[in-house]
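Novice: Any chance you could fold what I've pasted below:
(one chain, ligands or ions: 1)
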Amino acid sequence: MSVTDVPRREPAAGLLDALRAAVGPQNVVTSHDELFVYECDGLTLDKSTPGAVVYVHSTLEVAAVVKACAAAGFPFVARGAGTGLSGGAIALGGMVVIELARMNRVIEIDYENRVACVEPGVINLNLTKACSARGLHYAPDPSSQGSCTVGGNVAENSGGPHTLKYGVTVNHVLGLEVVLPTGDIVTLGGPLGGLGPLPGYDLVGLFVGSEGTFGIATKAWVKLTPTPEAVRTLLAVFPSIEAASHGVSTIVSHGIVPAALELIDKTIIRAVEEWLHLGFPLDAGAVLLIELDGLRDGLDLLAGRVMECCRTCGCLDVRAAKDDKERLLLWKARKQAFGAVGRISPSYYVQDGVIPRSKLPEVLGKIEASGRKHGLTTANVFHAGDGNLHPLILFDERVPEQIAHALACNDEVLSAVVEAGGMLSGEHGIGIEKLAFMPRVFGEADMEAMRKVRAVFDPQALSNPGKAVPMRACMEVKGHRPPAVRPPMRKA
Ligand SMILES: Cc1cc2nc3c(=O)[nH]c(=O)nc-3n(C[C@H](O)[C@H](O)[C@H](O)COP(=O)(O)OP(=O)(O)OC[C@H]3O[C@@H](n4cnc5c(N)ncnc54)[C@H](O)[C@@H]3O)c2cc1C
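Specialist: Prediction:
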């Protein structure tokens, strides 16, 4: 399914009046030039201009806006920071966008019970900043954590480099206040979840990762994690990506669980080095960024064991960051790697399949071969410890043939993931972009079960329809997604 398959509908004047009444006219955007800003998220190939964008400031405003949409039978989509990479926040067919960035208060931090209550528009990193002075942090750390929101993280069940040891978003959410697609406000779980499982169904677990299709999270109670006493960050340099992949399996097979275990390949090393000048070895095939944390005692011993694992896999060099400054620089290189790619390619397409670690060399080989076949460069920077690939396909969006090749290459990458017994997404979600692949990994009965759950939350299918799970009509789309058609240029 692509954005071009969805017929466009404009919000009627009555709905726009109701939205203005709900949030004030100054908070309803309808001018074409301003709507343009919201036509896509991080998946820039698929674009659809919203029918309207509504800025909300409170749960009651969200509920009033949702009620207005429900009364008009008009679909809507929540939007956090719009950093999603699977098209989740795209306003398919001209939906109303409910923009949550202004709901950005850390409402309360309960240091004694290590729980924070936040609004959905809080930037992920700001939560850690708010509690770090008291020795706590919010563990899920997407590489986009400087801009993405907690609400977006909840919707996508986001991960990050440190989720290898600490778990993904669902492991850190205790409760949610949610505006259901009817406009009713409910609380799922709650802060007491930190003391043990709450009675009843685990609706928090169900909501997290539902990609905005079950309603809108307007408040989240999340766990805060003690900042570890000590950290060791290692950089291991390998002659090839295969040797580095072998290093990953060897470390894990020795029963060691690093806090983070990231692989960066030669294309990314060059892009990052040319930008940040960190002293990354330009002749390396790949590097592993390995972080160990915990109690100070024994950590150097563990670091020694990890270094030994790397040496047995043929690493050319392995060293520990000598101080916090160097550690932060290494992480800057990792977390801003996508940005660095912008220096070497006008556009890139990033995937996020998950595969068994043992299949890393095989699948990485297929990715490179597919890129070569299509005349495109591929690059890799990913959460290797949990087998969560992030292949980047570099292309030029201004050249239509290159778009077609990038999409074909992307399909081959996802096929390689599926053939390796993997899953379509580790953290970016299905959104719109992987929808056509769902029948490859789920049977019709599996997907029907998902649709039924969805219908319980959203009987009218108004909350972000056309995302996450194929509706029945989309089941006809077998296999590959049709190449996206660039929308016509906007008239001034
Ligand atoms: C450079 C870069 C690096 C990235 N690295 C990572 C990474 O390491 N790990 C990772 O997991 N992801 C990563 N991402 C993807 C993205 O940042 C995450 O998916 C993030 O959680 C999206 O948050 P957002 O606020 O931008 O959400 P948006 O993009 O605005 O929305 C994403 C989805 O969430 C829904 N949504 C948003 N807010 C709510 C809400 N309050 N209630 C219900 N639904 C809501 C939207 O409808 C949409 O379906 C990266 C993206 C970029 C650009």
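Novice: ok, residue 216 touching residue 66?
Specialist: Yes: applying CB atoms under 8 Å as the test, residue 216 and residue 66 come out as touching, 6.8 Å apart. No exception for glycine: its C-beta is placed from N, CA and C like everyone else's.
Novice: Could you name every residue contacting both of these two?
Specialist: Taking CB atoms under 8 Å, 6 or more residues apart in numbering as the criterion, residue 216 and residue 66 both touch 98, 179.
Novice: Using the record's assignment, carve this protein into domains.
Specialist: Structural domains annotated on the chain: 3-99, 106-226, 230-341, as defined by automatic domain parsing.
Novice: could you redo those domains as TSV and give each row distance to the ligand and mean neighbour count?
Specialist: What follows is the domains of the chain, written out as TSV (distance: least, CB to the nearest ligand atom, whole Å; neighbours: other CB atoms under 10 Å):
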stretch	distance to the ligand	mean neighbour count
domain 3-99	2	20
domain 106-226	2	20
domain 230-341	4	19
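Novice: How many residues are close by the residue in the stretch 301-450 of the chain that the ligand sits nearest to?
Specialist: Here the residue of the stretch 301-450 of the chain nearest the ligand is residue 427; by CB to the nearest ligand atom that distance is 3.1 Å. The local packing of residue 427 (other CB atoms under 10 Å) involves 25 other residues.
Novice: Kindly report the residues of the stretch 351-492 of the chain close to the ligand.
Specialist: Along the stretch 351-492 of the chain, the residues adjacent to the ligand under the rule CB under 6 Å from any ligand atom are 427, 428, 464.
Novice: which ones are touching the first one?
Specialist: With contact taken as CB under 8 Å, 6+ apart, residue 427 is in contact with 142, 156, 157, 158, 159, 160, 163, 168, 352, 388.
Novice: Let's see that with 7 Å instead.
Specialist: For residue 427, the set of contacting residues under the criterion of CB atoms under 7 Å, 6 or more residues apart in numbering consists of 156, 158, 159, 168, 352, 388.
Novice: elements contacting the helix or strand containing residue 369?
Specialist: Secondary structure here is read from DSSP states H and E; on that basis residue 369 sits in helix 360-373. Counting contacts by 3 or more CB pairs under 7 Å, 6 or more residues apart in numbering; DSSP states H and E, helix 360-373 is packed against helix 241-253, strand 378-382, helix 400-419.
Novice: Can you name every helix or strand that the next helix or strand after the second one contacts?
Specialist: Which is strand 378-382. Counting by DSSP H and E, the element after strand 378-382 in chain order, helix or strand, is strand 391-395. Using 3+ CB pairs under 7 Å, 6+ apart as the contact criterion, the neighbours of strand 391-395 among helices and strands are strand 347-350, strand 378-382, helix 400-419.
Novice: Reformat the helices and strands packed on helix 360-373 as CSV; add mean pLDDT and distance to residue 286.
Specialist: Formatted as CSV, the entries for the helices and strands packed on helix 360-373 read as follows, by pLDDT from 0 to 100; distance: least, CB to CB, whole Å:
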stretch, mean pLDDT, distance to residue 286
helix 241-253, 95, 4
strand 378-382, 96, 8
helix 400-419, 95, 18
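Novice: any chance of those in JSON lines, with distance to residue 108 too?
Specialist: Listed next are the helices and strands packed on helix 360-373 as JSON lines, based on distance: least, CB to CB, whole Å:
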{"stretch": "helix 241-253", "distance to residue 108": "38"}
{"stretch": "strand 378-382", "distance to residue 108": "36"}
{"stretch": "helix 400-419", "distance to residue 108": "41"}
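Novice: Can you check which of those gets nearest to residue 33?
Specialist: Between residue 33 and those, the shortest separation by CB to CB is 25.2 Å, and it involves helix 400-419.
Novice: re earlier: now the helices and strands packed on strand 391-395 as JSON lines including mean neighbour count?
Specialist: Shown next, in JSON lines, are the helices and strands packed on strand 391-395 (neighbours: other CB atoms under 10 Å):
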{"stretch": "strand 347-350", "mean neighbour count": "20"}
{"stretch": "strand 378-382", "mean neighbour count": "26"}
{"stretch": "helix 400-419", "mean neighbour count": "20"}
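Novice: Out of these, which gets nearest to residue 82?
Specialist: Closest to residue 82 of the helices and strands packed on strand 391-395, according to CB to CB: strand 347-350, at 15.1 Å.
Novice: hmm, the closest one touching the ligand?
Specialist: No: for strand 347-350 and the ligand, the contact criterion (CB under 6 Å from any ligand atom) is not met; the two come no nearer than 7.7 Å.
Novice: Run through who's touching that strand.
Specialist: In contact with strand 347-350 (CB under 7 Å, 6+ apart) are residues 45, 85, 338, 341, 390, 392-397, 406, 410.
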